[in-house]
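Trainee: Just the structure for this:
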Amino acid sequence: MMADEKPPARISHRLLATSRSEMEINMVFQIGSALLDACVLSALEHEDLYGYALTQRVKEVVDISESTLYPVLRRLLRENCLITYDQPFNGRNRRYYKLTEIGNRQLMFYRNEWIIYKSKIDKILIKEEKHD
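Mentor: Reported below is the predicted structural model:
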C-alpha cells in the first residue's frame, strides 16, 4: 500500500465466503428471539422432538448451538407454548418437547408477522415490483 492510500474498509469475514455452502455455515444476518421462537415452534408443529433432534432440525436453517436453544425452550415452556414428557431410550430418558394449543396460536401469529415482514424487506432488498 502506498503512503497516500487509505487502508481498505473493514469487511466482515462472513462476506468473504466463496461459496453458498460457506455462507450457510456462517449466516450473515443475526436472528432475533421472536424469529428463533418461530423456528422452534415450527419444527415442533408436526411431531414432538427430543432436545438434540430439535437442535439439529433448527440448525438446518439457523446457525445455533444447543446452549443457545435450551434457554429458548425454557422460556417457551414458561409461556405455555410447549410441554415436555420423558420417553425411555436405551436405558435413559429423552425429554420430548410438544407444541401446545397456545404454542400453535403463537406459531400462526409469527407466520403472519413473517409474511408481512418479509414482504417489506423484499421491497428494498429484492426490489419486488408492486402488483396492484
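Trainee: Tyr85 sits in which helix or strand?
Mentor: strand 82-89 (DSSP states H and E).
Trainee: Strand partners (parallel or antiparallel) of that strand?
Mentor: Note on strand 82-89: by DSSP bridges, its sheet partners are strand 92-99 (antiparallel).
Trainee: picking up where we left off before, for the strand holding Tyr85, buried residues please.
Mentor: Leu82 (16 or more other CB atoms under 10 Å). Placement of C-beta: from N, CA and C, glycine included.
Trainee: what pLDDT, on average, does it get?
Mentor: Across strand 82-89, pLDDT averages out at 97.
Trainee: And for Leu76, the neighbour number?
Mentor: 23 (other CB atoms under 10 Å).
Trainee: still on that earlier bit, got a list of contacts for the strand holding Tyr85?
Mentor: Contact with strand 82-89 is made by 41, 44, 48, 50, 73, 76-77, 93-100, 103, as judged by CB atoms under 8 Å, 6 or more residues apart in numbering.
Trainee: which one among those gets closest to Arg111?
Mentor: Leu41 (9.4 Å; CB to CB).
Trainee: mind checking pLDDT for the closest residue to that closest one other than its chain neighbours?
Mentor: Ranked by CB to CB, 6 or more residues apart in numbering and with sequence neighbours excluded, the top spatial neighbour of Leu41 is Leu107, at 4.1 Å. For Leu107, the model assigns a pLDDT of 98.
Trainee: cool, Thr68 as well?
Mentor: pLDDT at Thr68 comes out at 89.
Trainee: Numbering from 462 from now on, please.
Mentor: Taking 462 as the first residue, the last one we looked at is Thr529.
Trainee: any idea how far it is from Leu505?
Mentor: The gap separating Thr529 from Leu505 is 17 Å, by CB to CB, to the nearest Å.
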